[in-house]
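[1] Sequence plus predicted model, see below.
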Amino acid sequence: MRKITVQTTVKSGLEKAWSAWTTPEDINQWNAANDDWHNPRSTNDLRVGGGFSYRMEARDGSMGFDFEGTYTKIADGQLIEYVLGDGRMVSVTFERVDGGIRVAETFDAEDSNPADMQRQGWQSILDRFCSYVEAKR
C-alpha cells in the first residue's frame, strides 16, 4: 500500500499543539479541508484500544461522513498511531524543531481517489490545524 506524508511546523509549544490535536472542542474548530466544510462534532478516547469519531459535513448539508479510527499506539506528546475502519494505518508525530513543533502525518493511501488529491486534502486540514493553533490564545 502506498504511503503519503504531509507535514507542517506550528509556531507553538508542544503542549498547546498536542492539546489542539486531541481535544474534541478544538478538533471541531480546525478539522475541515476548506471553508465549505465543517466538523460539527467529535469524540476522542485517546488510549490504545480507544477510538475517535469526527463528523465531517459540507456546510450546505449536501454530504457528510464520519472519520473514525482505533488507536494502536500513543506516546504522549510525541506519537499517535491508529487504524481506520477500512484497515488503513495512520501515524502522527510531534517533534520539537527550531521555531515550533513539526507535525507530520503519514497515512496509507486509499484506492478511490488519486494520491495527489488525498495529499492535498490532508495537507489542507493540517494547514488549518496550524493556523488554528497559532491563533489560539
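    Good, I have the coordinates.
[2] any idea which helix is longest in this structure?
    helix 115-135 (DSSP state H).
[3] Please enumerate residues in contact with that one?
    2, 4, 6-12, 16-17, 20-21, 26, 29-34, 103, 105, 107, 109-110 (C-beta atoms under 8 Å, 6 or more residues apart in numbering). C-beta: built from backbone N, CA, C; applies to glycine.
[4] Now do Gly61, the pLDDT please.
    Turning to Gly61, the model gives it a pLDDT of 94.
[5] Can you classify it by secondary structure?
    coil (DSSP: H, G, I helix; E, B strand; the rest coil).
[6] quick one on the thing from earlier: filter the contacts of helix 115-135 down to the ones in strands?
    Ile4, Val6, Gln7, Thr8, Thr9, Val10, Val103, Glu105, Phe107 (DSSP state E).
[7] In the residues you listed, find the pair that's most separated.
    Ile4 and Val10 (19.8 Å; C-beta to C-beta).
[8] In terms of neighbours, single out the busier of these two.
    Val10 (24 against 16; other C-beta atoms under 10 Å).
[9] Next up, the contacts around that one.
    The contact partners of Val10, by C-beta under 8 Å, 6+ apart, come to Ala17, Gly100, Ile101, Arg102, Val103, Phe129, Cys130, Val133, Glu134.
[10] Relative to Val97, how far out is the last one?
    Read it as Glu134. To Val97, Glu134 is 15 Å away according to C-beta to C-beta, to the nearest Å.
[11] Can you list the helices and strands that the biggest strand by length in the chain packs against?
    Determined from DSSP E, the single longest strand within the chain is strand 64-75. Applying 3 or more C-beta pairs under 8 Å, 6 or more residues apart in numbering; DSSP states H and E, we find strand 64-75 packed against strand 51-58, strand 79-84.
[12] Please identify the pairing partners of the shortest one and their relative orientation?
    Looking back up the chat, that one is strand 79-84. Note on strand 79-84: by DSSP bridges, its sheet partners are strand 64-75 (antiparallel), strand 89-97 (antiparallel).
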